[in-house]
Every structure is written in C-alpha cells, then in structure tokens.
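A.B. asks: Give the three-dimensional model of this entry:
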Amino acid sequence: MALIGAGEFMPGMAAFDRDLLAATGRARPRVAILPTASAPDGEAVFQRWAELGVSHFSGLGAEVEPVLVRNRAEADDEGAAQAIGEADLIYLSGGKPDHLRGVLRGTRVGEALLAAHLRGAVVAGCSAGAMVLAEHQPAFRRRMPPWPLRWGLGLGLVAAAAVLPHYDAWPEPVVALMALQAPRGVAVLGIDEDTGVVGRDGVWQVHGRARVTVWRGRRRERYRRGEAFRI
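C.D. replies: Next comes the predicted model:
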C-alpha cells in the first residue's frame, strides 16, 4: 500500500514509482490507472490524468491500462472491474475525494480493488486517492471554514487512519485544526507534496523529498525519508 501527498506521474516521483513496480515482483508489471477522482473537473482534465499515468508508467517499463471510470454506472462495467482485478499495481490519482469514494463504494470496480488488495496487489493513492484508501475521510465543504469538520468512512484499506494530503501546502495551524477533529483512536497522516509512505505488514516507511506528520489526538510526530512508524 502506498499513500502519496501529491505529485503523481511527475518526474520527481519516478524513483518512488520504480520501487512500487519492483514490489510487485513482476518483470513487466501490469498497471491500472484510475483517474476517477478528476472526473468532476471535466473530460479534458480526466483524460489528461489518464494519459499522464500511462506515459509515466510506460516510461518506467510497465504495461499500463487506463481504467476510464467516471461514475457509478461505469464502475459497474465488467471490463473495468476485470482490468482492476488483473493489475499488479493499481494507482488512484487525485481530484475530488468524495466523488471517488461515491463511485467506488459498492460497485464492481470498488469490489475488484478490495479483492486485489487482499490478494497482494500493490495499491497506491495520491491526494484524493490516498484519502479514500484510509478508513476515515474528512468531508470538505466549499467556501466553509474547517470547523466543524465532518468525517465519513473511506474504503478502509488502511485501518484506524485518515490522510491529509498536500500537508505542507497549507499553514500548519489550519491543517492541525483539521487533524484534531479526527474521530477518537484515528491516526491522521499529514503527507507533504512529492512525498509518500509505503506500508508493509503494519510498518510504514517515508519516501520522497519531505516528511510525514502523524497526529494521534494532540500528539504530533514527524518522520522523514527512510524513517518508519506504525499506525
């Protein structure tokens, strides 16, 4: 499992993504790109993220297929679910987390994603994609202050956790206020841009240029590249 704060398909994440491909154990891994979170931003944006993902991972030596799921109807397509089910690495790119969660929950593609995770495929989410993979997900409201912040359930692939991506793009007092509103017992991972964490057997290791901030209630912990922690 990989959670990335921002920077999907950019050159700065190439080394990180090579490691994800190597983790599949395949000489030429199959990668499924799921740009669903960007669908509310328009077809041009949606297609652009799909194309960026294909170009990026093809350049790293993978066999890549974009899974063009925009809505729940398309997420119930058997072919789309099969593409997810056959992938060695599934990558959920950024956009609108509430839209992504609503499309995946209870659909064939969402079920195929959970099944792929259980069989050992590498699942990676960036920004909105990372938020949805966690058990808890903040629900941001347009033009509203972050207090009080509503919390919903994500897909639950990362138990007892929530993700705040782009952590270093905001003043920390603002994102700290969000983290402090998390449900009791939830670890909130504030992941900086161009930074990710990879989880194996309950241990999460930091990769990339910056750091990860973990909030456990009012306690704040910082981790940099190469350092590891448990949730």
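A.B. asks: CA atoms for contacts and neighbours, from now on please.
C.D. replies: Fine.
A.B. asks: can you map out the helices along this protein?
C.D. replies: 14-23, 43-59, 72-75, 78-86, 97-104, 108-119, 128-133, 172-179 (DSSP state H).
A.B. asks: helices or strands next to the third one in the packing?
C.D. replies: In this structure, helix 72-75 packs against helix 97-104, helix 108-119, with contacts taken as 3 or more CA pairs under 8 Å, 6 or more residues apart in numbering; DSSP states H and E.
A.B. asks: Taking their axis directions, the first one and helix 108-119 sit at what angle?
C.D. replies: Relative orientation of helix 97-104 and helix 108-119, computed by axes from the mean of the first three to the mean of the last three CA atoms, to 10 degrees: 90 degrees.
A.B. asks: Report the rounded mean pLDDT for helix 97-104.
C.D. replies: Confidence over helix 97-104 (mean pLDDT, whole number) is 97.
A.B. asks: Please apply the same query to the last one.
C.D. replies: What helix 108-119 shows for mean pLDDT is 98.
A.B. asks: check contacts around residue 75.
C.D. replies: Neighbouring residues of residue 75 by CA atoms under 8 Å, 6 or more residues apart in numbering: 69, 81, 103, 104, 107, 108, 109, 110.
A.B. asks: Run a quick neighbour tally on the closest residue to it other than its chain neighbours.
C.D. replies: Using CA to CA, 6 or more residues apart in numbering and skipping residues adjacent in sequence, the residue nearest residue 75 is residue 109, 5.2 Å away. Residues contacting residue 109 under the criterion other CA atoms under 10 Å number 28.
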